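K.L.:
return a 3D structure for these sequence lines:
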Amino acid sequence: MPEPPHETNENYVYRVITPSNWDRAKGRPKPTAFKQSQGRALSVFSADRQTPRGVLQHQIDTWQERLISDNPSERDAVARNLSEFGDTAEKLLENGFHIVRLPLGEFTDRDFEVTAPEANGHQDARGDFEMHKRTLAILSEVLSPEECLA
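P.N.:
Below is the predicted model of the structure:
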């Protein structure tokens, strides 16, 4: 009897969820976690090329890169984030960050355009988030701290 097909990491993406986009009462992301801001694409990471810990580290690295911005208000905001949430994956999790996993098909089946993964796994997703943000939030698989730090 043939083995049933199994999902591989290439069929999934990770998304970092900030504390402001986390619904503590429901234990899942708020729909706003899947909303484009200022016309930018939604950032996701290929689970085939990046780990949950790596996604958290990417958040920290992005903040640290922005510390040298020419814009003083951006530098101040990033410094506040690092001070409030920490500069390690462990501290981000302790301070309310989460990682969720979704099948890539949840985006592509809804006619989202998803770019090919960069070397670090980053992908841009563009589509009708206003229409689908609630569904994406509900379908998100929340990873445990242990899964995020493995």
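K.L.:
what about the closest residue to Asn120 other than its chain neighbours, how many residues nearby?
P.N.:
Closest residue to Asn120 apart from its sequence neighbours, by Cβ to Cβ, 6 or more residues apart in numbering: Gln50 at 6.2 Å. Quick note: C-beta positions are derived from backbone N, CA and C, even for glycine. Gln50 has 23 neighbours, counted by other Cβ atoms under 10 Å.
K.L.:
list the contacts of Gln50.
P.N.:
Contact partners of Gln50, counting by Cβ atoms under 8 Å, 6 or more residues apart in numbering, are Tyr14, His58, Asn120, Gly121, His122.
K.L.:
who does the closest residue in space to Pro117 that isn't next to it in sequence bridge with?
P.N.:
The spatial neighbour of Pro117 that comes closest, neighbours along the chain excluded (Cβ to Cβ, 6+ apart), is Ser46 at 3.9 Å. Beta bridges link Ser46 to Val13 when assigned by DSSP bridges.
K.L.:
likewise for Pro103?
P.N.:
Tyr12.
K.L.:
surely Asn95 is in contact with Gly86?
P.N.:
Yes. Counting by Cβ atoms under 8 Å, Asn95 touches Gly86, with 5.9 Å between them.
K.L.:
shouldn't Arg80 be within a helix?
P.N.:
Yes. Arg80: assigned to a helix according to DSSP: H, G, I helix; E, B strand; the rest coil.
K.L.:
for it, report the pLDDT, please.
P.N.:
With respect to pLDDT, Arg80 scores 96.
K.L.:
cool, and Thr8?
P.N.:
56.
K.L.:
offset the numbering so it begins at 168, please.
P.N.:
Taking 168 as the first residue, the last one we looked at is Thr175.
K.L.:
what bits of the protein have low per-residue confidence?
P.N.:
Counting by pLDDT under 70, the low-confidence segments of the chain come to 168-177, 205.
K.L.:
ranges for the helices of it?
P.N.:
219-233, 239-252, 256-261, 272-275, 296-306, 312-316 (DSSP state H).
K.L.:
neighbour count: Asn262 and Gly253, which is higher?
P.N.:
Gly253 (16 against 12).
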